[in-house]
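Visitor: Fold the following, please.
(2 chains)
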Amino acid sequence: MVITTTLCALALSLPAGEEDFYEIVTIPIPEDIVLEVSGIEVLKDGTALVATRRGNVYSVTGAWEDDASNAQFNLFAQGLQEPLGLLDHDGWVYVMQRGELSRMRDTRGDGRVDELETICDLIPISGNYHEYNFGPVIGPDGNFWVTTNKPFGGEPFGRAEWRGFTMSITADGQMIPTCSGLRSPAGVEASPWGDVFYTDNQGEWCGASKLSIMRPGDFHGHPHGIGSCKNEEWAFSIVDNVPNGKLFPEVKEEIPELRMPAVWFPYDKMGRSPAGMAWDMTEGAFGPFAGQLFVTDQYDASVLRVALEEVNGNWQGACFPFRMGLQCGAIRCEFGPDDSLLVGMTNRGWGGRGNSPFGLQRLRWTGETPFEIHTMSAIPGGFRLRFTSEVNLDVSAHASSFKMKSYTYKLHSGYGSPEVDVKELTVTGVVANEDARGLDVMVDGLRSGYVHELSAEGVASAAGGSLLHKKAYYTLIELAE
Amino acid sequence: MIALSSLAALAALSSPQDPTLTEGLRLVRELGCAACHTAPAEYADLIAPPPGPDLTKVGERILPDYFLDYLIDPMGHKPGSRMPNLFAGRDENPRTAWSMARALPHFLGNLGDPIDTTPVPTSNAELERGRQLFHGVGCVACHSPLETPEDLELPWWEFETPPTFDALANTPELGDVVHLGDLSKKTTVRALTKFLLSPHDARPAGRMPDMGLDEADAKAIAAYLLRHQLIESATAPGLRYEYFEEPGLETVMTLDEYTAVRTGSIETIDKLPENRGDNFCFRFTGEVNVPETGEWTFYLKSDDGSRLWIDGKELIDNDGNHAPTERSGKRALEAGLHSIEVRMFERGGGEMVELQWEGPGVSRGFLSPDVLSHSSIALGPPTSSFELHPEAIRVGTKTFSKLRCFACHETGVPHTEQRPIPGIAQLDISKPRSCIGTDINPTIPLYDISQPEIDAIMFAIDAIQQGEELAHTTGSELEALRCTACHDRGGVGGPAAARRVWFEVVGDADIGDEGRIPPTLEGVGAKLRPDWLKTVLLDGGTARPYMKTRMPQYGHDLVAHLADAFLEEDSAGGVDKLTEIDEVEIGHGQRLVGTDGLGCINCHTFAGHESLGVPATDMSAMYTRLNQAWFHKLLVDPVALKMNTRMPDFWLNGKSPVTDIHDGDIDKQIEAIWSYLSLGEAAPYPKGLLSSPGEFELTPTEGPIHTGVFMRDMSPRTLVIGTPQRIHYAFDMMNSRLGRAWAGKYFDAAGTWKGRAGQLEVPPVPWIDFAPDAPFALLAEETASWPSEMGRDAGYRSLGRTMDESDMPTFRYSLNDVVIEETVRPELRLGGARLVRSFSIGGQVNDGATLYMRADRGSIEARDGEWLRDGELSVQVSRGGRALLRGEADAAELLIQINELPANIEVTYTW
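Guide: Below is the predicted model:
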């Protein structure tokens, strides 16, 4: 059966929708498979390995056809304990389970894993459901980087150390604690330039969901596990006495180890639970956002877009809405050989949008270029907006076309933080870039450590269209000089 | 008799009232000005003073020595108290003041029966429970917390020096604090328990609300608050015991939640004190006197489970539901006293517990009563030499009258004072004032108030004298009753930022601040149905079982009118459109709520059934609780109504994702849900709420099924393997050991796969346990005891597993330089189950040690080339190695000695 969701604008008079530019292709899942997706890896031959929360891994073939209805699912491995990430590396498939980093392969060639090796089982768990482990990816040190979630409630086998950490694991299984203070680090991904980023979910000690770079010795804000830093394995300075209730940038002054986020995802405006990530390395085959980062949201059934830049040695940038309307909580994504984005979903245990319990879909570029803010970058005294096509300067290049406010978050034990210290900022001027595809928006009162929320209501393209998404959220940490 | 304060004077004013005036009116009322200065009739209700504490039986609840202390300096004891100082001018006129003051305790102490000061027995467990309750149920919303949340994670007895934390009381960030004063000098556990159970009897003003405590909880809190009254009795030989009765026990770890049915002391624990045979548990506590420094081994045997702690640290875990089983633990101990705790439980069948030890100079045997000791603890007030004196009672009676104490306090004793006092209308506010000013005069009460407060009072009195139209706002009422300590409304109230850390969820509910901070009262009149609002205020109605803080009760007279006031101020949310049952709409609603609709039950409890995720409010009660308009608004845009809520908004581009009901129309779908919810508890269950029979039941048919689980009493990293031969086993991946096997049904994975899951699993049918601890050990000699360490601590490393063509696993692990591959295969046999464990062992054994495999442990007897454990499990060493039986009784061990590597051995288990 064909379940290709092609949502086209019904008539030309309707404003363009996301579906006009990125269509959703649903991959039908055999009825006897519960595909609560927890990990995706696309092998070199185009086979998609899809791990599930129930501990199976399926090899999926035929998923990249225009019509995905002939996709085949075969059981590749079973009995893994909550495998939350897969990595194809050195002829093995590495998998992060609850209790161990393992690698597996099919030596008989019958499509089924027959060899599983324990790489490292030093990450303790207490028997609490929330102690998930994510990864692995290859870190800048060449090791496997994984992140560990913190428990919620009972710890039946006794409190476990090293929860809320990034671990760097050597090929021979040594575990090197690398960052502390993570909360619910549901996504971890290596960037094309080697740095590893992770997504964290809003909650206690995490005022808003965020994307952060991970550098050895970082403290990311949550004090749950920092007691473990007193163990000799922790090679960095020890953070204690995290103040409760100060603003994030204030705490940064007191605790230099605190890692400021690269991007905050303001609650409900940009999803609620960022999870998996994929960098667009399709060089344009997925549309105009080559090199940018796509992030799935497990609440929102959506994919968000992030454009990062390096300012004074710090990675920071903006996030933008991208595509909503997936089947349910989107937890993992990976680009396929056809340059579409394969998204895996599950809503088990966490409610959200969408009405399927799980799902597997592709986002495919239709070839039409949406009129979007392509990038938002910090410049002295403002931001440079680059657009996906030429801008109608007469209409757009005015201060009144833009609104901006800035706010930050509290680092506190309360669950999430409201947007605090909110300031409406005055747009003092707009200067067009020479090629008419960019506008420099000048603003009074930029603040470091604050989200700068932009509304570009008044911008129109040279072709007369309005922006598909008018909002952008830039997390300004380093001011441009 | 003083009438209960009527707070009903809430009127809609034509124009907003000056805030200073509002504050002044509140003060005039709260300070009880009109108790002496009669109010003009039209304002009588408005400023009717809340009654002071009822003293009719005050002698039964307050220690006599406390009265004088308190009366001559009430603010010193309780800063911010409404009780004025009646002897403020005693320095000017000491003789009068002192003679009056000294007689009062005799009068007060004579009211009611004499206070019972007999010490009340308590226990560490009770103090601990009181400590957690005091900081959990909401007491610290008004009173100062005494300990930090971090310290509360450690039980009371694990502190070397019990924390006092009096410093916390002075933390300015805590905001307004209702001081408790020095309770240890004021009252007894008995009296405080009685007060907590029914605070309005003694304090009819209702400012101290009824927290809905049961007697055990109230006593626990009282004990904790009076912990400074602790009396340690002389030590006694043997151990103290607490006896609990509880059905369905599975572990001794839940014992902290129960209340002891009986306590006592016992010489040794090897003979259980009197019990009811099944469904009970014991805790034994005390100290053990270790005669010599060195390594000490304890052996704990029980039926069912038990555990041993030495110095508060667990040494032996013999927990779980089982036949008599012995476990041991070793620790280096200094000579001298060490705390000891043993817990055991019995669910059904036989029961026993035995504790033995061995160490330097002591061969294995029971602990004799002379090495065990315990001290019992009780709470009692300091001794007092106070005696009631008839003459002083007479003087005190007169003094009470003369000081006009009766104006605020009921005593049941008639008063005689007739001295006229000017009414409010007659007060000359231009003159220097005594009771609220600085003109200190003995026998005129002096209130502890600030200059701005004095100004506000003057402002209010002036307004009354001018005959202005006045009213209280709900805001000032909420403040008076301290509703604002927990709830916010109109931008005022809610727990102070520094106090919020003490507001917690019950257990592990992951629902954010909505789960722990009491809800806002903003728009509550529009949110809640009037009937439900009244149920909450007057009948203890609650909707948030996940919240630790409890909604207290204030009594009908004080809060009945608040419901109406909320409704009026919030211009309630209109009438339900629902007039009749529409079955089609109900069907739509049912689908929308279920997992094939919007999936509300992913988070919401439904008719008492757990959701698939967090325990958000029960949907079946929503129709009774909520106004339809508010419900509709919430569903349309939850974040607009509640910033930071985790309630999803389901809609996309103005449409529902469920497109085949009302064409995705949001409003119509919400109305359908409302229709469905109108059925309340009787609503048919939505899809996904209850797992359909067999939904998570796993049945291997074509090949083995591998499932990773948390296995109770084994490990959080257990792989269970189910086979089509219907013989299944659980392998502990963390400790590289085969743990359990069973035959028949494989496994229902609901606890691991449903919702957030994370349950500890057990096999669905009775199982056999393999020998505990590590399967292999390197022993220096044949008699060396089997190590109690497992896994990495014992030198093991998990290497992984390989799978054969049929997907049956072979587990690979190493012990030092020995590499072991273990395959576990079911074998068919007549009338029972059989498992064959095959080991292929390579690598090398270092000098001086011999490798042994422990094939079994328990009560083992040799029989025709096989071994029989407990008469039910037969073990055969079918290949390789020399088998030897060592040890005796229940601790016999069947070992296989492995002299050469590589080696192949095979052990068959039949049951």
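
Visitor: Report the contact partners of B:Arg646.
Guide: A:272, B:511-512, B:514, B:603, B:614 (Cβ atoms under 8 Å, 6 or more residues apart in numbering or on different chains). C-beta: built from backbone N, CA, C; applies to glycine.

Visitor: Then B:Ala794?
Guide: Taking Cβ under 8 Å, 6+ apart as the test, what B:Ala794 contacts is B:774, B:777, B:787, B:815.

Visitor: Could you find the residue nearest the spatial middle of chain A?
Guide: Nearest residue to the geometric centre of chain A (Cα atoms, centre = their mean): A:Val295, 3.5 Å.

Visitor: Please identify which helix or strand holds that residue.
Guide: Per DSSP states H and E, A:Val295 falls inside strand A:293-297.

Visitor: What pLDDT does the model give residue 12?
Guide: Looking at chain A here, since you left the chain open. A:Leu12 is assigned 43 on the pLDDT scale.

Visitor: looking at chain B here, not the other one
Guide: Note on B:Ala12: pLDDT of 44.

Visitor: that older thread, would you reformat the contacts of B:Arg646 as JSON lines and include pLDDT?
Guide: Below are the contacts of B:Arg646 laid out as JSON lines (pLDDT from 0 to 100):
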{"residue": "A:Arg272", "pLDDT": "93"}
{"residue": "B:Ile511", "pLDDT": "85"}
{"residue": "B:Gly512", "pLDDT": "85"}
{"residue": "B:Glu514", "pLDDT": "90"}
{"residue": "B:Cys603", "pLDDT": "91"}
{"residue": "B:Val614", "pLDDT": "89"}
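
Visitor: Type out the PyMOL command that picks the buried ones from the residues you listed.
Guide: Restricted to buried positions by 16 or more other Cβ atoms under 10 Å in any protein chain shown, the PyMOL selection for the contacts of B:Arg646 reads:
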select buried, (chain A and resi 272) or (chain B and resi 511+512+514+603+614)
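
Visitor: follow-up on the earlier one: and the strand holding A:Val295, what does it pack onto?
Guide: Packing contacts for strand A:293-297, counted by 3 or more Cβ pairs under 8 Å, 6 or more residues apart in numbering or on different chains; DSSP states H and E, involve strand A:187-190, strand A:274-279, strand A:302-311, strand A:330-335.

Visitor: how is chain A carved up into domains?
Guide: Domain assignment for chain A by automatic domain parsing gives A:16-365, A:373-476.

Visitor: can you tell which of the helices and strands packed on strand A:293-297 is closest to A:Asn70?
Guide: Closest to A:Asn70 of the helices and strands packed on strand A:293-297 is strand A:330-335 (Cβ to Cβ; 20.1 Å).

Visitor: For that closest one, name the packing helices and strands.
Guide: strand A:37-42, strand A:274-279, strand A:293-297, strand A:302-311, strand A:341-346.

Visitor: a markdown table for those, including mean pLDDT?
Guide: Output for those, formatted as a markdown table (pLDDT from 0 to 100):
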| stretch | mean pLDDT |
| --- | --- |
| strand A:37-42 | 98 |
| strand A:274-279 | 98 |
| strand A:293-297 | 98 |
| strand A:302-311 | 98 |
| strand A:341-346 | 98 |
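
Visitor: Among the ones you listed, single out whichever gets nearest to A:Thr375.
Guide: With Cβ to Cβ as the criterion, A:Thr375 lies closest to strand A:302-311 of those, at 4.5 Å.

Visitor: Packing partners of the helix or strand following the closest one?
Guide: Counting by DSSP H and E, the next helix or strand C-terminal to strand A:302-311 is strand A:314-323. If you count contacts as 3+ Cβ pairs under 8 Å, 6+ apart, strand A:314-323 packs onto strand A:22-26, strand A:263-265, strand A:302-311, strand A:373-379, strand A:471-476.

Visitor: Put together JSON lines for those, with mean neighbour count on each row.
Guide: Listed next are the helices and strands packed on strand A:314-323 as JSON lines, based on neighbours: other Cβ atoms under 10 Å in any protein chain shown:
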{"stretch": "strand A:22-26", "mean neighbour count": "21"}
{"stretch": "strand A:263-265", "mean neighbour count": "28"}
{"stretch": "strand A:302-311", "mean neighbour count": "22"}
{"stretch": "strand A:373-379", "mean neighbour count": "21"}
{"stretch": "strand A:471-476", "mean neighbour count": "24"}
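
Visitor: For chain B, find the nearest of those.
Guide: In terms of Cβ to the nearest Cβ, the element of the helices and strands packed on strand A:314-323 nearest to chain B is strand A:302-311, at 9.0 Å.

Visitor: What angle do strand A:293-297 and the closest one make with each other?
Guide: Relative orientation of strand A:302-311 versus strand A:293-297 (axes from the mean of the first three to the mean of the last three Cα atoms, to 10 degrees): 140 degrees.

Visitor: does strand A:302-311 come close to chain B?
Guide: No. Judged by Cβ under 8 Å from any Cβ of the partner chain, strand A:302-311 stays clear of chain B, getting no closer than 9.0 Å.

Visitor: circling back to that earlier point, ok, residues contacting the strand holding A:Val295?
Guide: Under Cβ under 8 Å, 6+ apart, the answer for strand A:293-297 is A:187, A:189, A:191, A:197, A:199, A:211, A:265, A:270-280, A:302-308, A:319, A:322, A:329-333, A:341, A:343.

Visitor: same thing but 6 Å
Guide: A:271, A:273-279, A:303-306, A:330, A:333, A:343 (Cβ atoms under 6 Å, 6 or more residues apart in numbering or on different chains).

Visitor: one step back: export the helices and strands packed on strand A:293-297 to a markdown table and append columns for distance to A:Ser400.
Guide: Formatted as a markdown table, these follow (distance: least, Cβ to Cβ, whole Å):
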| stretch | distance to A:Ser400 |
| --- | --- |
| strand A:187-190 | 38 |
| strand A:274-279 | 33 |
| strand A:302-311 | 25 |
| strand A:330-335 | 36 |
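
Visitor: In the stretch 151-300 of chain A, what residue comes closest to chain B?
Guide: Closest point on the stretch 151-300 of chain A to chain B, by Cβ to the nearest Cβ, is A:Gly153, at 1.6 Å.

Visitor: How much space separates the residue nearest to B:Ile340 when sequence neighbours are not counted from B:Arg837?
Guide: Leaving aside its chain neighbours, B:Ile340 sits nearest to B:Val288 (4.5 Å; criterion: Cβ to Cβ, 6 or more residues apart in numbering or on different chains). For B:Val288, the distance to B:Arg837 equals 40 Å [Cβ to Cβ, to the nearest Å].

Visitor: swap in B:Arg364?
Guide: To B:Arg837, B:Arg364 is 31 Å away according to Cβ to Cβ.

Visitor: likewise B:Asp69?
Guide: From B:Asp69 to B:Arg837 the distance is 76 Å (Cβ to Cβ).

Visitor: what does A:Ser448 give?
Guide: 64 Å.

Visitor: Which of those two has more residues huddled nearby?
Guide: B:Arg837 (21 against 12; other Cβ atoms under 10 Å in any protein chain shown).

Visitor: What residues are bridge-paired with that one?
Guide: With DSSP bridges as the criterion, B:Arg837 is bridged to B:Val824, B:Val907.
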